[in-house]
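Novice: Mind looking at a prediction? Sequence and model below.
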Amino acid sequence: MMSLMADLTELPRRSVWHGWGDPTHVKPLPTGGWPLLKFLGGIEPAAQDTPPVALEDVRLPDVRLSEAAREALVAVVGESHYSTERLDRVEHAGGKSYPDLYRLRSGDGSHAPDAVVFPGTSKEISDLLAACVEHEIAVVPFGGGTSVVGGVDPVRGRFAAVISLDLRRLNAVTSVDPVAQTAVVQAGARGPEAEAVFQRHGLTLGHFPQSYQQATIGGYLVTRSAGQASSGYGRFEENVVSVTMATPTGELVLGGRAPANETAAGPKLLDVVIGSEGLLGVVTEATVQLFRRPEVEHQETWALRDTVTGFAAFRDLAQELGHGIMPDVSRLSDDHETTTVMAQAGLLGVTGMGVLRARGWKAPALAVFQFEDGDKETLRFRRKRLAKVLKRHGAAKMTDSIARHWMSHRFRGPYQRDHLMDHGVFVETVETATTWDNLEHLYTSVQSAIREAIGKGWVQCHVSHLEDGGASLYYTFMATGESDPLAQWARVKTAASQAMIDAGGTITHHHAVGTDHRPWIDEEIGDGGIRILRAIKAELDPTGVLNPGKLIPEEGGAQ
């Protein structure tokens, strides 16, 4: 059995402005990688490499803050925590989407904020918001900066200036209650920082999204994050007990009198804050529900005849076994992603893919699982139940080294994107979710839309985040970069997003809305939902300084 829990407390260096994270983690494709991409999708590296420009060559707009505004901000945080330095502005010029990185890598820093402030207390945040209201400055809350949907882009809106409010100094776990198994955590604490404290108490949050190494507790909360083990620990929002948020009209404190989801005292106002994407206020701290750290872990690999058979098997896992028995991580790769996973594990030959081809399976679907338990007896019981369901669907047991390889490399995908972008490759991801009865229709609809829009390229997908009622679909696609990569991205992104809506899926399962999904939010929540959001925004942020251009469409239909 392979234990991965201890590795989750290592804190990598903060991300770099031109890529995902620590550049030493960026590795070239393995031997045979480029020929394989050409064979599978006609993808070839650019004739010349396309590395990022030097920092000094990034073009930045002039700082538009008035002297009075600058003095007001400095009066709150001090000179040492106010910056208009080139590096700080560039690092806060966007998140980690393909457009964000492409612009900066090619020298376009036009989205950079006028200044970056680093408050150290919740009072400083409240005072900063008051100063921004007085001087009409847009404010973009910034945690780990991992948004891939334009969620931290410094949009000015109607304001002359915009600042990025970086929460990195609010990074403490202020208390852990071992009896209730809860912790109070400041919003700027990164995942590994918080998890290291929890594990010292024999506890875990169990929340490990792909952005885990860089993302923050506050970021998880305001984007309704779902970790890879959501089938075991639940989505982040399910484990929020209370929230404190600074708003331009005062501090808002919600929850805390009862366990998460265990009160009937009116509408659940916590959900107004969860998923609010920085539009209503700045989350300063949250109380979260923790779990006992597992004593045993186990990774397992199976394969099914095809993707549709896999859909049926995974539905039975969710509905027949349910939470607590089905694996904590369940991931079904379609035939294209199966090829990728097998290639990464070095198993495209007779000992891997060849075994499945020998069965007559032309498009097999690989399934990887992770169990986390308190004792070996419970683990054995859960594994037997898993095997019973999968065998009923004709599944074949595969070497567990495939699942172990995936688990040990699960945070490395974005680093691979950095390498591909260095060679002129367009690569992006989109995700959605729907009910089990609609899963196959949504899967094929979005897949077809991406393939048609991308032309020659590679499209792969996996199913994860299993629930009784449905599951998530996550697509990765790539192609040789065109002459206008941003137009290429917009074409494919629009096609995929519209296909999700047309086929009855959600516009986002866990990436949030930001700027990129904003054009479709009205189709998701309707005119009534938009009016409710606008009314709450008007109550908490009447001047509209907080994170303009995200989530809520402008009145009159402007996006």
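Specialist: Happy to help now that I have it.
Novice: And the closest residue to Gly19 other than its chain neighbours, how far from Gln213?
Specialist: Closest residue in space to Gly19, ignoring its immediate chain neighbours: Asp418 at 4.0 Å, by CB to CB, 6 or more residues apart in numbering. From N, CA and C alone the C-beta is placed, and that goes for glycine too. Distance of Asp418 to Gln213, computed by CB to CB, to the nearest Å: 14 Å.
Novice: Those two: who's more crowded?
Specialist: Gln213 (26 against 22; other CB atoms under 10 Å).
Novice: Which helix or strand contains Ala246?
Specialist: strand 240-247 (DSSP states H and E).
Novice: That strand packs against which elements?
Specialist: helix 122-135, strand 250-255, helix 270-273, strand 282-289 (3 or more CB pairs under 8 Å, 6 or more residues apart in numbering; DSSP states H and E).
Novice: Now do the second one: distance to the chain's middle.
Specialist: Computed by CA atoms, centre = their mean, to the nearest Å, the chain-centroid distance of strand 250-255 equals 26 Å.
Novice: same question for it, mean pLDDT?
Specialist: Strand 250-255 shows a mean pLDDT of 96 in the predicted model.
Novice: what's the answer for the shortest one, then?
Specialist: Mean pLDDT, helix 270-273: 94.
Novice: follow-up on the earlier one: what sits against the residue nearest to Gly19?
Specialist: Shown in contact with Asp418 (CB atoms under 8 Å, 6 or more residues apart in numbering): 18-20, 23, 26.
Novice: Now which of these would you call buried?
Specialist: 18-20, 26 (16 or more other CB atoms under 10 Å).
Novice: Pick the one among the residues you listed closest to Ser464.
Specialist: Of all those, Trp20 has the smallest distance to Ser464: 20.2 Å, by CB to CB.
Novice: Using the three-state scheme, assign the closest one.
Specialist: Per DSSP: H, G, I helix; E, B strand; the rest coil, the secondary structure class of Trp20 is coil.
Novice: next one: phi and psi at the closest residue to it other than its chain neighbours?
Specialist: Nearest-residue entry for Trp20: Pro414, 3.8 Å, with adjacent residues in sequence omitted and distances by CB to CB, 6+ apart. Note on Pro414: its backbone torsions stand at phi -60, psi -30 [degrees, to the nearest 10].
Novice: Near the closest residue to Gly157 other than its chain neighbours, how many other residues are there?
Specialist: With sequence-adjacent residues excluded and distances taken as CB to CB, 6+ apart, Gly157 is closest to Pro548, at 3.0 Å. Pro548 has 22 neighbours, counted by other CB under 10 Å.
Novice: pretty sure Pro548 contacts Arg156?
Specialist: Yes. Counting by CB atoms under 8 Å, Pro548 touches Arg156, with 6.8 Å between them.
Novice: Please enumerate the shared neighbours of the two.
Specialist: Common neighbours of Pro548 and Arg156, using CB under 8 Å, 6+ apart, are 138, 162.
Novice: What number of residues are in the vicinity of Asp57?
Specialist: By the measure other CB under 10 Å, the count of residues near Asp57 is 10.
Novice: Can you give me the separation between the closest residue to it other than its chain neighbours and Ala189?
Specialist: Leaving aside its chain neighbours, Asp57 sits nearest to Gly107 (5.4 Å; criterion: CB to CB, 6+ apart). According to CB to CB, Gly107 and Ala189 sit 33 Å apart.
Novice: Ok, Ala499 next?
Specialist: Relative to Ala189, and taking CB to CB, Ala499 is found at 37 Å.
Novice: higher neighbour count, those two?
Specialist: Counted by other CB under 10 Å, Ala499 and Ala189 do not tie: Ala189 has more neighbours, with 27 against 22.
Novice: list the contacts for that one?
Specialist: Residues near Ala189 by CB under 8 Å, 6+ apart: 170-173, 216-217.
Novice: now Ala363
Specialist: By CB under 8 Å, 6+ apart, the residues touching Ala363 are 306-307, 335.
Novice: who does the lengthiest helix in the chain touch, helix- and strand-wise?
Specialist: In the chain, assigned by DSSP state H, the helix with the most residues is helix 521-540. With contacts defined as 3+ CB pairs under 8 Å, 6+ apart, there are no secondary structure elements packing on helix 521-540.
Novice: Run the chain-centre distance for it.
Specialist: With CA atoms, centre = their mean as the basis, helix 521-540 stands 23 Å off its chain's centre.
Novice: Only the C-alpha atoms, please, for that helix, written as PDB.
Specialist: C-alpha atoms of helix 521-540 as PDB (Å, rounded to 0.1, in the frame of the first residue of the first chain):
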ATOM      1  CA  ILE A 521     -24.500  32.300 -16.300                       C
ATOM      2  CA  ASP A 522     -28.000  33.600 -17.200                       C
ATOM      3  CA  GLU A 523     -28.800  30.400 -18.900                       C
ATOM      4  CA  GLU A 524     -27.700  28.500 -15.800                       C
ATOM      5  CA  ILE A 525     -29.600  30.500 -13.100                       C
ATOM      6  CA  GLY A 526     -32.100  32.500 -15.100                       C
ATOM      7  CA  ASP A 527     -33.200  36.100 -15.000                       C
ATOM      8  CA  GLY A 528     -34.600  35.700 -11.500                       C
ATOM      9  CA  GLY A 529     -31.300  34.400 -10.200                       C
ATOM     10  CA  ILE A 530     -29.400  37.300 -11.800                       C
ATOM     11  CA  ARG A 531     -31.700  39.800 -10.100                       C
ATOM     12  CA  ILE A 532     -31.100  38.100  -6.700                       C
ATOM     13  CA  LEU A 533     -27.300  38.300  -7.200                       C
ATOM     14  CA  ARG A 534     -27.500  41.900  -8.300                       C
ATOM     15  CA  ALA A 535     -29.700  42.800  -5.200                       C
ATOM     16  CA  ILE A 536     -27.200  41.100  -2.800                       C
ATOM     17  CA  LYS A 537     -24.300  42.900  -4.600                       C
ATOM     18  CA  ALA A 538     -26.100  46.200  -4.200                       C
ATOM     19  CA  GLU A 539     -26.600  45.600  -0.500                       C
ATOM     20  CA  LEU A 540     -23.000  44.600   0.300                       C
END
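Novice: Can you classify the residue nearest to Gly19 as helix, strand or coil?
Specialist: Going by three-state DSSP: Asp418 is helix.
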